[in-house]
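Undergrad: got a predicted structure here, sequence first:
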Amino acid sequence: MDRQIKDLMEQGLSRNEIFEQLKKQSGNQMRLANKIATFEPGSSSRQTALRNRVLMALCLLQACFGIWVIHSNVVPMDEEFGWQGIVATFVLTIFYFVGLFRKSFTGYASFILLCITVAAGYVYFFNYFPVVSIVGVLLAVAGGALSYTIKVRLFPHMGFMDVRKDENGKHIFE
C-alpha cells in the first residue's frame, strides 16, 4: 500500500484523489487516511514538520499555562479539586502530544475540540481573571487554528471527525 501511495503521489495526484482511488482496496479507511497523511514527499514536508513542531510546543505551553492557572487560582480555593485538575491536564497533554507527534487524525481533531473548550472556559472566567483569560484564549485559538490548518493539509479527504460523506458526496459532521 505504501508503494502505491508513493507512486500515485509521484504521478501528481492529490491526497484526496489518492484516497478516493485506494479506499476500495483498503478495509480500514481511517488507517488508509493516516497512511496518506503521514506520507509527505517533496519540500512541503519541511513546512508541515515545522508547523507540527510549533503546534507541539504550543500544546506544551498551553498545558503549562493551564497548570499554572489551576495551581494559582483553583488550588487555594479547593486543594483536592485543583490537584485533580492538574493531574488530568498533565495526562491529557501527554495523549495530545503523542497524537500530534504521530500526526494522527484523531490527535488533531481532539486537540481542536480541546482548544475550543479551553477558549470557552477562559472566556467564561474573563470577569474574574481578565489578563489570564486573554492569554489563555490567545493560546487556545492559536493552537486550535494551527491544528486545524495542519489537519486540513494532511487530511483533505476527511471530514471534521471521520471519513464519511453524504448522498451528495460532501463530508458530514460526526
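TA: Perfect, I can see it now. Residues are numbered from 1 along each chain as shown.
Undergrad: quick one, grab the pLDDT at the residue nearest the centre of the chain.
TA: In the chain, the C-alpha nearest the mean C-alpha coordinate belongs to Tyr108, at 1.8 Å (CA atoms, centre = their mean). On the pLDDT scale, Tyr108 is placed at 91.
Undergrad: just checking, it is part of a helix?
TA: Yes - the assignment for Tyr108 (DSSP: H, G, I helix; E, B strand; the rest coil) places it in a helix.
Undergrad: distance of the nearest residue to it once chain neighbours are set aside relative to Val132?
TA: Using CB to CB, 6 or more residues apart in numbering and skipping residues adjacent in sequence, the residue nearest Tyr108 is Lys151, 3.8 Å away. Any C-beta I mention is one placed from the backbone N, CA and C, and that applies to glycine too. According to CB to CB, to the nearest Å, Lys151 and Val132 sit 28 Å apart.
Undergrad: comparing the two, which residue is more hemmed in?
TA: Lys151 (21 against 17; other CB atoms under 10 Å).
Undergrad: mean confidence for the strand or helix carrying the more buried one?
TA: Using DSSP states H and E, Lys151 sits within helix 130-154. On average, the pLDDT along helix 130-154 is 92.
Undergrad: with stretch 67-80 instead?
TA: Averaging pLDDT along stretch 67-80 yields 91.
Undergrad: how about it: buried residues?
TA: Neighbour-count burial for stretch 67-80, with 16 or more other CB atoms under 10 Å as criterion, is recorded at 67, 69-70, 74.
Undergrad: next one: that stretch to chain centre, how far?
TA: Relative to its chain's centre, stretch 67-80 lies at 27 Å (CA atoms, centre = their mean, to the nearest Å).
Undergrad: can you tell me the distance between the two ends of it?
TA: Using CA to CA, to the nearest Å, the end-to-end distance of stretch 67-80 comes to 14 Å.
Undergrad: that older thread, ok, now which ones touch the residue nearest to Tyr108?
TA: 105, 108-109, 112 (CB atoms under 8 Å, 6 or more residues apart in numbering).
Undergrad: most neighbours, which of those residues?
TA: Within these, Tyr108 tops the neighbour count with 26 neighbours, counted by other CB under 10 Å.
Undergrad: please tell me how far it sits from Ser133.
TA: Look at Tyr108 and Ser133: by CB to CB, they are 25 Å apart.
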